[in-house]
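>>> structure, please.
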Amino acid sequence: MTGIEARKSRWAGILVTCFVAAIFYGDVFVGVTLPLGVFFLLGCLLLGGIRRPAGRLVVPLLLLGGLGVVVGVQALTGQPPNGKADMVAYLPVAYAVLALVVLGGKGIPDDLLRKGIIGGGLITGLVMCGMFLFAGDDTYLVRSQFLVGKGTYADHLKKYGRTVPQPAPDAAVSPRTGEGTGTSPRAGGGGQRASVPRIQPDVTAEFAPPTDSASMQMYGVKSRARNALGFSNYIAAFLVFCFTVCLFTRRFLLAAVFVLLTCGTLSRFGFGFLALAALLWLMGRKPSGGAKLGLGTLVVVVCGLFLLVAAGDMIARYPPLASISARISYWQSGARVLMDSPLIGQPRSFIMAAHDYSVFWNPHNAVLWIGALFGLVGIGLCIAYYALVLRTACARAQTSDVWAGVYFGLVVLTAWSLVEPLSMSPAYELLFATCLALGRPAEEPALTMRAAYA
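Here you go, the predicted model:
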């Protein structure tokens, strides 16, 4: 290796490490909102140029590309994407593709990967603490965060002088009462657009059971836990990921720091998933059996969710469980949306217009959210993709403590995505794509679908 090549390799390693850290920082606003990590990816692209994807990355790229095919089919069947409202939902997939193409086969030493993850987690935690202590209630690092929970989709478009597809009358069902609402789930067939038909109150209240004054005060304080990555629960998910990596790499003092930072988010799910991560560390310190432990964890979580839904009426009677009751309502709303177009889903703008949901409505479940956007076809593609990511990290975990932490951290995030709007978000998709890209050696030949999961 010549001196120039050595310097380029060193700088590439530094850029990739900074990119990993930037995933945990979150977004920046430069006229448009973009993940900070995208700029480091572009730097890696300029430094290394465009190469043919490594053999084992062809399959995941095809899986993600299949989601684009689904969107194309939606457009051909009279449901074309409607501008920014839908691009927000699709861009995380584009970021994942970019990460796979740019990072595929590069790889960095485990030590640099660990430093990037922990460094990024500490930065996002410290920024959150600064916002909590010193920022005002209406101060946000990313301008788009100010819109969270404010008004329906119709309200949002009317404010900015935009239009939505014209709903057909007397077809849809109210998400709460089950009665006709005068709108159609298949709003705007043929892709025609018309003026916003009406303005409704913010229907996020549909999914928020009444809570006592103490709970409302707690939510007010909790809303101050925010940074460029997101808000309380979303930040907590990535802090718990960092905590898991610290445990498996025996950085116990740093693990304690991430426990404190997670507590600072006031996320009750954060406390639960901290315990889950610690349990996985106790049970998964032996290299063998990681795949079974991870799969078993996800199966147990899914079974627990079915039990929660079955006990929904009983849970609704207890105000301290209002957060769980609200999630059950969100899951039910997501199931209704999925039934509108079960095979290929529908663009986010059509969902918002048909049901007049809040601009930031999300069913708080990865399967239902992906199903709403891409249907059962998209669910199948994404399950195959995420399984490949976990399989890759699990294979690397056999010989690396850092990758053991990454693997079980991804298991925790996957489980958490079933009760929180994590999937199809920029940081989540970038993290999964990065782990897949960095976990694959560069010198691997192209192979078949079967071999990709071998």
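>>> and the helices in the stretch 151-300 of the chain?
In the stretch 151-300 of the chain, the segments counted as helices under DSSP state H, counting those that start in this stretch are 153-159, 213-222, 232-248, 252-264, 268-283, 290-310.
>>> which of these sits most buried?
By mean neighbour count, with neighbours taken as mean count of other C-beta atoms under 10 Å, helix 232-248 ranks first of the helices of the stretch 151-300 of the chain at a mean of 27. For the C-beta atoms, the positions are set from N, CA and C on the backbone; glycine is no exception.
>>> got the helices of the stretch 151-300 of the chain as a markdown table, with distance to S323 columns?
Below are the helices of the stretch 151-300 of the chain laid out as a markdown table (distance: least, C-beta to C-beta, whole Å):
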| stretch | distance to S323 |
| --- | --- |
| helix 153-159 | 24 |
| helix 213-222 | 9 |
| helix 232-248 | 10 |
| helix 252-264 | 17 |
| helix 268-283 | 7 |
| helix 290-310 | 11 |
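>>> for those, which one sits closest to G43?
The minimum distance between G43 and these falls on helix 232-248, with 22.3 Å, by C-beta to C-beta.
>>> tilt between the closest one and helix 268-283?
20 degrees (axes from the mean of the first three to the mean of the last three C-alpha atoms, to 10 degrees).
>>> and helix 232-248, average pLDDT?
Helix 232-248 shows an average pLDDT of 97 in the prediction.
>>> now do that helix: distance to the chain's middle.
The chain centre lies 14 Å from the centre of helix 232-248; the measure is C-alpha atoms, centre = their mean, to the nearest Å.
>>> repeat for stretch 393-404
How far stretch 393-404 lies from its chain's middle: 23 Å, per C-alpha atoms, centre = their mean.
>>> next: stretch 390-409.
That offset, for stretch 390-409, works out to 20 Å (C-alpha atoms, centre = their mean).
>>> repeat for stretch 111-123
Averaging C-alpha positions (C-alpha atoms, centre = their mean) puts stretch 111-123 20 Å from its chain's average.
>>> low-confidence regions, this protein specifically.
Counting by pLDDT under 70, the chain contains low-confidence ranges at 1-5, 49-55, 105, 146-216, 287, 441-454.
>>> ok, now with 50
For the chain, the stretches with pLDDT under 50 are 149, 151-154, 156-157, 159-206, 209-210, 443-453.
>>> figure out which of the helices of the stretch 151-300 of the chain is closest to L112.
Closest among these, using C-beta to C-beta: helix 232-248, at 13.0 Å.
>>> quick one on the thing from earlier: between the helices of the stretch 151-300 of the chain, which one is closest to L34.
Per C-beta to C-beta, nearest to L34 of these: helix 232-248, 17.2 Å.
>>> between the longest helix seen in the chain and helix 290-310, how many degrees?
The longest helix of the chain (DSSP state H) is helix 366-397. Relative orientation of helix 366-397 and helix 290-310, computed by the same axes, to 10 degrees: 160 degrees.
>>> how many neighbours does the residue nearest to A393 when sequence neighbours are not counted have?
Excluding the flanking residues, the one nearest A393 by C-beta to C-beta, 6 or more residues apart in numbering is Y407, at 3.9 Å. Look at Y407: counted by other C-beta atoms under 10 Å, it has 32 neighbours.
>>> residues in contact with Y407?
290, 294, 390, 393-394, 396-397 (C-beta atoms under 8 Å, 6 or more residues apart in numbering).
>>> top of those by neighbour count?
Counting neighbours by other C-beta under 10 Å, A393 comes out on top of the contacts of Y407 with 26 neighbours.
>>> and the helices of the stretch 151-300 of the chain: which comes nearest K106?
Across the helices of the stretch 151-300 of the chain, closest to K106 is helix 232-248 (C-beta to C-beta), at 19.8 Å.
>>> can you dump the C-alpha coordinates of that closest one into PDB?
Provided in PDB are the C-alpha atoms of helix 232-248 (Å, rounded to 0.1, in the frame of the first residue of the first chain):
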ATOM      1  CA  SER A 232     -38.000  11.100  24.900                       C
ATOM      2  CA  ASN A 233     -38.800   7.500  24.000                       C
ATOM      3  CA  TYR A 234     -37.000   7.600  20.600                       C
ATOM      4  CA  ILE A 235     -33.800   8.900  22.300                       C
ATOM      5  CA  ALA A 236     -34.100   6.300  25.000                       C
ATOM      6  CA  ALA A 237     -34.100   3.500  22.400                       C
ATOM      7  CA  PHE A 238     -30.700   4.500  21.000                       C
ATOM      8  CA  LEU A 239     -29.300   5.100  24.500                       C
ATOM      9  CA  VAL A 240     -30.300   1.600  25.400                       C
ATOM     10  CA  PHE A 241     -28.500   0.300  22.300                       C
ATOM     11  CA  CYS A 242     -25.300   2.100  23.400                       C
ATOM     12  CA  PHE A 243     -25.800   0.600  26.900                       C
ATOM     13  CA  THR A 244     -26.000  -2.900  25.400                       C
ATOM     14  CA  VAL A 245     -22.700  -2.400  23.500                       C
ATOM     15  CA  CYS A 246     -21.000  -1.100  26.700                       C
ATOM     16  CA  LEU A 247     -22.100  -4.100  28.700                       C
ATOM     17  CA  PHE A 248     -20.800  -6.600  26.100                       C
END
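>>> what residues does stretch 238-256 touch?
Contacts of stretch 238-256 (C-beta under 8 Å, 6+ apart): 24, 114, 117-118, 120-122, 124-125, 229, 258-259, 261-262, 265, 270, 273-274, 277-278, 280-281, 285, 401-402, 404-406, 408-410, 412-413, 416, 427, 431.
>>> how long is that stretch from one end to the other?
15 Å (C-alpha to C-alpha, to the nearest Å).
>>> same question, stretch 307-315
11 Å.
>>> now for L46, how many residues are close by?
L46: 10 surrounding residues under other C-beta under 10 Å.
>>> residues contacting G264?
Contacts of G264 (C-beta under 8 Å, 6+ apart): 125, 128-129, 132, 225.
>>> in JSON lines: those, plus secondary structure, distance to A6 and neighbour count.
Output for these, formatted as JSON lines (DSSP: H, G, I helix; E, B strand; the rest coil; distance: C-beta to C-beta, whole Å; neighbours: other C-beta atoms under 10 Å):
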{"residue": "G125", "secondary structure": "helix", "distance to A6": "35", "neighbour count": "24"}
{"residue": "M128", "secondary structure": "helix", "distance to A6": "38", "neighbour count": "25"}
{"residue": "C129", "secondary structure": "helix", "distance to A6": "39", "neighbour count": "15"}
{"residue": "F132", "secondary structure": "helix", "distance to A6": "44", "neighbour count": "19"}
{"residue": "A225", "secondary structure": "coil", "distance to A6": "43", "neighbour count": "23"}
